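Asker: got a structure for you, letters missing:
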């Protein structure tokens, strides 16, 4: 075929996403409750679309309306048990429309409890700190229904963490060591979490209701008008002909699609349904093909201009324009995809895999001539953002232009029903993250009430300092000062905790919890707030490829018919470039471009070290550089990678002295080292 186009099966992608992403796995609904749910979901999207363009409501009212919709919908569309989630229940008097009466009651109760604070807001100024019994009762109800809604939509880990921290707030007088505090009564706790902006109605819910929702809706509509298909075809035209072509197409298409989709799993099933079969066809093992797609797709959450929810949270936490976040994310996001690409390339060379033939590739000119209108909404969104306007206004114009292109583009014309369905789908994605944001508000509220973050910061920095003093005496040539070692150990501990927490809770919740605890820790060591937030953000993103709960890898494994755990482990290995990058910008903030103290010299050194270090690490994992590698060479490259990413002249030079001989050996050698794998290597 002279001009193949990527044929994307939207129904198949939707089925895969619902199968592997619990956040959009709705229970089967009968006709009447299905219509009710669809109308409510559309109304939620319409509310956010209208307010983005014509003005937000008063802060607490806007957040309350958002939460009322989200919590009520969760009790309608998510069942209490896995069996209820999988089975369409028949209509009975005690189960109207197949949904238990208890769930209908919880939906109404949740909406009333969420709207209570906006309703009495004018009077709260006179009784915050001294709540009425009705305030405590309504706050207790909201906390309970919120925990249950989060459990239904996201699982047990996050609600359990919230319960534990609330118990700490109440029974703090019994806590060990420096963690002890006087403790709070239930009334005091409810007052802080429910009636102030430090808890449930705090920053996390505000960001989801003000920014995240709009960009998720934009991503859904942009995909509907064919922008995702255009990106996949462009990636195929650009990278498909090279060695291991489909895998490189997977990386490029995931990077492009990630620019409009902040969801790792949606990115995985959209591009993976096309690239994974192609990778398997040319010879990649099934688990490796799944891992490539999963690892590349997680980059969507860190790829400008439409990043994950955590990027929008940074705006409020740091008080900086969104365009600064986009600029800061550009180089680190590129390094993530570069790391996956290098491992894909070395694996293709090691196995001798071919690229796609000319007959299998689309023509870039033909692709652009046919689908260029789908790029207009993305250009408009970026232009509004870079012009200094608010992100939600940029999203409004992006959504509006998506609808205009969809209604006018003759090649892929959308009907009003298609737009309705897009609004419904966009709201679907907001339910679980909305509940999670409110639950994380409980956790952050306890942190601000008890001051525990500063106590944890003291414990961690004291421990890291002690370890650093011991290690520093063992280092040759005084490679690192005690202060630098203390920071390095603290960063390692923070990264490990982020990864462990990512095994049970999603990226956004992980980021919110960790930044409330880790930011004070890193701040004590002189790390800039922007750097601290990006460090936690990048490690939180690893959640989707961190076994045993590597959801993106499991979705990809479902497409590839591969072992999910093996795919998850391989995806984590392929994402190791992302593990190195945060350490680089922690020690050299210039890599973020807009950080304080930026200089082109330090940026160039950091970028060179990052590229060289990721290349060395990728070769070490793949057992191939210019040719096959001995085990000792792989170990040397691993050490070189660590030294290269440390942005200091001395460590960079030592890293290069280790790297260059390994790179040069196959080029100058004759015999088996330049060709087949050496006989003594397994």
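Answerer: Looks like it arrived, so ask away. Not measured: the values here are computed from a predicted model. Numbering: from 1, shown residues only.

Asker: Can you tell me the element residue 168 falls in?
Answerer: Using DSSP states H and E, residue 168 sits in helix 157-170.

Asker: Now find how far off-centre that helix is within its chain.
Answerer: 24 Å (C-alpha atoms, centre = their mean, to the nearest Å).

Asker: Check the average confidence over it, would you?
Answerer: Averaged over helix 157-170, pLDDT sits at 93.

Asker: Packing partners of the helix or strand following it?
Answerer: Remark: after helix 157-170, the chain's next helix or strand is helix 186-194, criterion DSSP H and E. Counting contacts by 3 or more C-beta pairs under 8 Å, 6 or more residues apart in numbering; DSSP states H and E, helix 186-194 is packed against helix 133-154, helix 157-170, helix 416-450. Where C-beta positions appear, they are placed from N, C-alpha and C, glycine not excepted.

Asker: Residue 655 reaches residue 636, doesn't it?
Answerer: No - using C-beta atoms under 8 Å, residue 655 makes no contact with residue 636, being 10.2 Å away.

Asker: These two: which is more packed in?
Answerer: Shown here are residue 655 and residue 636; by other C-beta atoms under 10 Å, residue 655 has more neighbours (23 against 18).

Asker: separation between the more buried one and residue 183?
Answerer: 51 Å (C-beta to C-beta, to the nearest Å).

Asker: Ok, residue 82 next?
Answerer: Distance from residue 82 to residue 183, by C-beta to C-beta: 37 Å.

Asker: Those two: which is more packed in?
Answerer: Neighbour tally, residue 82 and residue 183, criterion other C-beta under 10 Å: the higher count belongs to residue 183, 16 against 10.

Asker: Got the phi and psi for that one?
Answerer: Taking degrees, to the nearest 10, you get phi 90, psi 150 for the backbone angles of residue 183.

Asker: in the stretch 1-150 of the chain, which spans are helices?
Answerer: Taking DSSP state H, counting those that start in this stretch as the test, the helices found in the stretch 1-150 of the chain are 10-20, 31-54, 59-77, 82-86, 101-119, 121-124, 133-154.

Asker: between the longest one and helix 59-77, how many degrees?
Answerer: When you say that, I think you mean helix 31-54. Counting by axes from the mean of the first three to the mean of the last three C-alpha atoms, to 10 degrees, helix 31-54 points 160 degrees away from the direction of helix 59-77.

Asker: mean confidence for helix 31-54?
Answerer: pLDDT averaged over helix 31-54 gives 94.

Asker: Specify the angle between it and helix 101-119 in degrees.
Answerer: Taking the same axes, to 10 degrees, one finds that helix 31-54 is oriented at 20 degrees with respect to helix 101-119.

Asker: Flag every buried residue along helix 31-54.
Answerer: Neighbour-count burial for helix 31-54 flags 33-34, 36-38, 40-42, 44-45, 47-49, 51-52 (criterion: 16 or more other C-beta atoms under 10 Å).

Asker: Which one of these is nearest to residue 463?
Answerer: Proximity of the buried residues of helix 31-54 to residue 463 (C-beta to C-beta) peaks at residue 48, which lies at 44.3 Å.

Asker: neighbours around the residue nearest to that closest one when sequence neighbours are not counted, how many?
Answerer: The shortest distance from residue 48 to any non-neighbouring residue, by C-beta to C-beta, 6 or more residues apart in numbering, is to residue 213 (4.8 Å). Neighbour count for residue 213, taken as other C-beta under 10 Å: 30.

Asker: what's the helix or strand for residue 213?
Answerer: helix 213-224.

Asker: Residue 580 now?
Answerer: Going by DSSP H and E, residue 580 is in helix 576-587.

Asker: Could you give the number of residues near the nearest residue in space to residue 468 that is not next to it in sequence?
Answerer: In space, and not counting its chain neighbours, residue 468 is closest to residue 485: 3.6 Å by C-beta to C-beta, 6+ apart. The local packing of residue 485 (other C-beta under 10 Å) involves 20 other residues.

Asker: Touching, residue 485 and residue 474? I think so.
Answerer: No - using C-beta under 8 Å as the test, residue 485 is too far from residue 474 to be in contact (10.5 Å).

Asker: Which of the three states applies to residue 388?
Answerer: Assigned state for residue 388: coil (three-state reduction, DSSP: H, G, I helix; E, B strand; the rest coil).

Asker: Grab the nearest non-local neighbour of it.
Answerer: Of all residues not flanking residue 388 in the chain, residue 321 sits nearest, at 6.6 Å (C-beta to C-beta, 6+ apart).

Asker: So residue 460 sits against residue 490, correct?
Answerer: Yes - Residue 460 is within contact range of residue 490, at 6.1 Å (criterion: C-beta under 8 Å).

Asker: Give me the common contacts of these two.
Answerer: residue 521 (C-beta atoms under 8 Å, 6 or more residues apart in numbering).

Asker: wouldn't residue 448 be in contact with residue 198 here?
Answerer: Yes - with contact defined as C-beta under 8 Å, residue 448 and residue 198 form a contacting pair (5.0 Å).

Asker: Any chance you could list residues touching both of those two?
Answerer: Joint contacts of residue 448 and residue 198 (C-beta under 8 Å, 6+ apart) are residue 192.

Asker: quick one: the helix holding residue 213 to helix 416-450, angle?
Answerer: 150 degrees.

Asker: what's the helix or strand for the residue nearest to residue 468?
Answerer: Assigned by DSSP H and E, residue 485 belongs to helix 482-502.

Asker: before we move on, the earlier item: look at residue 460 and residue 490 and report which has more neighbours.
Answerer: residue 490 (25 against 22).

Asker: how close does the more buried one get to residue 610?
Answerer: Relative to residue 610, and taking C-beta to C-beta, residue 490 is found at 21 Å.

Asker: which residues does the closest residue to residue 49 other than its chain neighbours contact?
Answerer: Leaving aside its chain neighbours, residue 49 sits nearest to residue 399 (6.0 Å; criterion: C-beta to C-beta, 6+ apart). By C-beta under 8 Å, 6+ apart, the contact set of residue 399 is 49, 52, 214, 217, 218, 221, 377.

Asker: circling back: just checking, what packs against the helix holding residue 485?
Answerer: So helix 482-502, by 3+ C-beta pairs under 8 Å, 6+ apart, packs with helix 452-472, helix 507-524, helix 529-541, helix 576-587.

Asker: one more time with 6 Å
Answerer: Here helix 482-502 touches helix 452-472, helix 507-524, helix 529-541, going by 3 or more C-beta pairs under 6 Å, 6 or more residues apart in numbering; DSSP states H and E.

Asker: Reformat those as TSV; add distance to residue 233 and mean pLDDT.
Answerer: Below are the helices and strands packed on helix 482-502 laid out as TSV (distance: least, C-beta to C-beta, whole Å; pLDDT from 0 to 100):
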stretch	distance to residue 233	mean pLDDT
helix 452-472	47	84
helix 507-524	29	80
helix 529-541	27	85
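
Asker: among those helices, which is nearest residue 300?
Answerer: Among the helices and strands packed on helix 482-502, the nearest to residue 300 by C-beta to C-beta is helix 529-541 (9.1 Å).

Asker: just checking, what packs against that closest one?
Answerer: Identification of packing neighbours for helix 529-541 by 3+ C-beta pairs under 6 Å, 6+ apart yields helix 309-318, helix 482-502, helix 507-524, helix 576-587.

Asker: mind checking which of these is nearest residue 366?
Answerer: Evaluated over the helices and strands packed on helix 529-541, closeness to residue 366 peaks at helix 576-587, with 33.4 Å, by C-beta to C-beta.

Asker: In what element of secondary structure is the residue nearest to residue 49 found?
Answerer: helix 391-408.
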